[in-house]
Every structure is written in structure tokens, then in C-alpha cells.
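A.B. asks: give me coordinates for this.
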Amino acid sequence: MTDFFFCNFERLVKQNRFKNLSELHKEWTEAGVKASRATTHRRVKEFGYSCRIPLFKPLLNHRQRQRRLTWAKEKKKWTVAQWSKVFFSDENKFCISFGNQGPRVWRKGGDAHSPSCLKSSLKFPQSVMILGAMSSAGVGPLCFLKTKVTAPFYQEILEHFMLPSADQLFKDADFIFQQDLAPAHTATSTKSWLNDHGVGVLDWPANSPDLNPTENLWGIVKRKMRNKKPKNVDELKATVKETWASIPSQQCHRLITSMPRQIKAVIKAKGAPTKY
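C.D. replies: I've put the predicted structure just below:
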């Protein structure tokens, strides 16, 4: 096997990390190499590549990256104590089947966050099922969403879920509420509701779920549910609720203590997605 064919093959892998083994084998043999599919797979591994599930990161335009960078610089001097006053919220979708994990990517050790190995996540998922919130003191109760979240419906959620959760987690201490920039969250009526109830809101850059520690909690819940086999939506809800409630406050606190490091990472990345 000549060095030329070796180099040519590695270029094939690098050009598109998301080609499957059959596609790589076809292109390599079409280039004039006589090799079995097993040999192709062996060569990929010899170059140091493994087939992995890609990380999903938000797709950011230049303006959004600049806004994230500005936001991170503004928060650069925030301490863990300041971040502990933030009540983070986030929406996430759970499916009954966890078997379909989507595309795979060829990557080497340390390449997980390389742009060529990432898949871009969309800002708006096709459906949203659950809204959860957390602070340094622990998690609040989940709100299962049955309909599109309009501004009036969101304000009901704030009243019946967010405020009681805040009372439970922060007691009489002041807190700052974090939410993303979804239309229902930024509606004039919602802003008025928050102002009337004396709730301060953390400024937040657009399309930045990776800056929210609640995203990490969703990941923890889904990993814990890998071996669960809910048969219907009711069983799924019960499983998610039970798993979410089992998250210890210490785990939430550890995520909050990582915020200063995350801010530094955003600045270093000039507003691009980070490993967090």
C-alpha cells in the first residue's frame, strides 16, 4: 500500500467526517485501491479515527457570536456567589424511544469539539414537551407542556411553577430569573408580568442553550434513562419526573461553580460554542 493511497484515504475521511464506512470504502476503491470493507475499516482505525455520536451545538451567525462575546465579557467578573443567585430555566424534548441516536462521525481523541465533527442544532425543535428550572440549591418541579407556549400560557407557568419553585429554592433571598429569547418569554405582556411580580431577569444572548447549566442536567437525566423502556407517554413522564427529582443539589451546585470557567471559555472562543 503506497504512501500516496494512505494520504489520499485520510483526505477522504477529513473531507466529510459524516460519511459512513460503506461510502468511504466505495470512494477508496473507485480511486483504484483493491481493499475489502474490513480493510477499509482497519485503515480508518489505524489513522486514529473512531466512529462516534457527534456533539450538537447551536448554529451561530457572526452577530450572535459577537453578542455572546460581549455578554461573556460583561459577566467576566461574576463570582460563584453571584451565579448562585440565578434561577435557570430551559425547555427540552424527551422521546419514548432513545434508540435512534442519529448520524455518526469519524473523529480522533480530542476532536469532539472540532467544527468538522459537530452537527448544528436548530434553535426551535419540532416539539417541546418539558420545562424545568434549577439553581445552585437544586431543581424545581417540572412543567409538562401540552400545547404551544403562548405568552398568556407562559405567564401561567411562571405563576404556578416558577414562583413556587423560587420560593422553595431561594427562600426569602433575592434571585435573578434566566430564560431564553423565545417569543412568549420576550412578549410585552410577559415583561409586564415579570415587572409587576418583582422578578429580575438575566440578560441573555440569542441561540445560546450551551451557556445554560440546565442543558447539562437534561443530559444527565437522559443518560440515567438509557436503560429505561417507557411504553407510553404517561410512563415516560413518570420516568423523567422521577429521574429529574433524583438529581442531588450538590450536582446542581457543581454546575453553577463551572460558570466562571465557562465564561472564560466563551471569551477564548470569541463567542463560538464551547465544550460546556
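A.B. asks: where does the stretch 151-276 of the chain dip in pLDDT?
C.D. replies: Within the stretch 151-276 of the chain, the segments meeting pLDDT under 70 span 276.
A.B. asks: repeat that for 80
C.D. replies: Residue ranges of the stretch 151-276 of the chain with pLDDT under 80: 229, 232-233, 275-276.
A.B. asks: now the helices: where do they sit in it?
C.D. replies: Under the criterion DSSP state H, counting those that start in this stretch, the stretch 151-276 of the chain contains helices at 151-157, 163-170, 183-186, 188-196, 213-224, 233-245, 249-257, 259-268.
A.B. asks: so how far is T274 from M259?
C.D. replies: Going from M259 to T274 by Cβ to Cβ, to the nearest Å gives 12 Å. Every residue, glycine included, has its C-beta placed from N, CA and C.
A.B. asks: could I get the helices of the stretch 151-276 of the chain as TSV with distance to T79 and mean neighbour count?
C.D. replies: Formatted as TSV, the helices of the stretch 151-276 of the chain follow (distance: least, Cβ to Cβ, whole Å; neighbours: other Cβ atoms under 10 Å):
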stretch	distance to T79	mean neighbour count
helix 151-157	30	16
helix 163-170	17	16
helix 183-186	26	15
helix 188-196	25	13
helix 213-224	16	18
helix 233-245	28	15
helix 249-257	10	16
helix 259-268	7	17
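A.B. asks: just so I know, which of the ones you listed lies nearest K77?
C.D. replies: Nearest to K77 among the helices of the stretch 151-276 of the chain is helix 259-268 (9.0 Å), distances taken as Cβ to Cβ.
A.B. asks: what angle separates that closest one from helix 213-224?
C.D. replies: Angle between the axes of helix 259-268 and helix 213-224 is 110 degrees (criterion: axes from the mean of the first three to the mean of the last three Cα atoms, to 10 degrees).
A.B. asks: contacts for helix 259-268?
C.D. replies: 68-69, 71-73, 75-76, 78-80, 83, 211, 213, 274-276 (Cβ atoms under 8 Å, 6 or more residues apart in numbering).
A.B. asks: now the angle from that helix to helix 249-257?
C.D. replies: 30 degrees.
A.B. asks: run the chain-centre distance for helix 259-268.
C.D. replies: Centroid separation for helix 259-268 versus its chain: 16 Å, with Cα atoms, centre = their mean, to the nearest Å.
A.B. asks: with stretch 261-276 instead?
C.D. replies: That offset, for stretch 261-276, works out to 14 Å (Cα atoms, centre = their mean).
A.B. asks: quick one, phi/psi of the nearest residue to L142 once chain neighbours are set aside?
C.D. replies: Leaving aside its chain neighbours, L142 sits nearest to G132 (5.0 Å; criterion: Cβ to Cβ, 6 or more residues apart in numbering). Backbone torsions of G132, given as degrees, to the nearest 10, read phi -130, psi 160.
A.B. asks: kind regards, and thank you for your time.
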